[in-house]
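In: Predicted coordinates and the sequence they were generated for:
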Amino acid sequence: MSHNRDLEHLNILAIFHYVVSILFGFGALFPTIYMIIGIVILNGQFETENQQGPPAAVGWMLIGMSCFGILLGMTFAACIALAGRKLHSRTGYIFCMIIAGIECFFMPIGTLLGIFTILVLLRPTVKALFDGTQPSNDAPPIYNP
């Protein structure tokens, strides 16, 4: 009975990882605002007849930092989605644990998902599913003559 419960918990965690990766992906697009401001600075839109706008270096700095932030956020969102895929297929135990630990830093949703993922992955029966020593219901039966 706990075998079915473990499979159900892993599938639910996988779905939540997919949802959270989408949320992180949208959140990673937030620095686009700063990129637009940097582009506006470079185009000289803040300059008036009486006053000079910010230097071009500020615009380039905003663009560079926002690109880095977007890249970092999208990479982490992809890692969360990959962890969801690995939870679903029951592979990559260490990778799932590492991503769950990193998720704990992102309050409140990431913390909850990370803690629940770690709690489920620490079960010996779940570890056996990842090791392949315990067959899952959807896997074909193993024939040992």
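Out: Perfect, thanks for sending it. Residues are numbered from 1 along each chain as shown.

In: could you pull out the helices for the chain?
Out: 2-28, 32-43, 56-89, 93-103, 109-121, 124-131 (DSSP state H).

In: For Asn50, which of these is the nearest?
Out: For the helices of the chain, the distance to Asn50 is smallest for helix 32-43, at 17.8 Å, taking CB to CB. The C-beta positions use only the backbone N, C-alpha and C, and glycine is treated the same way.

In: any idea of the angle that closest one forms with helix 56-89?
Out: For helix 32-43 against helix 56-89, the angle by axes from the mean of the first three to the mean of the last three CA atoms, to 10 degrees is 160 degrees.

In: Show me which positions of helix 32-43 end up buried.
Out: Residues of helix 32-43 classed as buried by neighbour count (16 or more other CB atoms under 10 Å): 34-35, 37-38, 41-42.

In: Please name every helix or strand in contact with it.
Out: Secondary-structure packing of helix 32-43 (3 or more CB pairs under 8 Å, 6 or more residues apart in numbering; DSSP states H and E): helix 56-89.

In: quick one: contacts for the residue of the chain positioned farthest from its centre?
Out: For the chain, the largest distance from the centre (CA atoms, centre = their mean) belongs to Asn50, which lies 47.3 Å off. For Asn50, the contact set (CB atoms under 8 Å, 6 or more residues apart in numbering) is empty.

In: Need the phi and psi values for it.
Out: Backbone torsions for Asn50, taken as degrees, to the nearest 10, come to phi -90, psi -20.

In: What's the separation between it and Pro31?
Out: Separation of Asn50 from Pro31 (CB to CB, to the nearest Å): 31 Å.

In: hang on, the earlier thing: turn the helices of the chain into CSV, including mean pLDDT.
Out: Shown next, in CSV, are the helices of the chain (pLDDT from 0 to 100):
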stretch, mean pLDDT
helix 2-28, 90
helix 32-43, 92
helix 56-89, 94
helix 93-103, 94
helix 109-121, 93
helix 124-131, 86
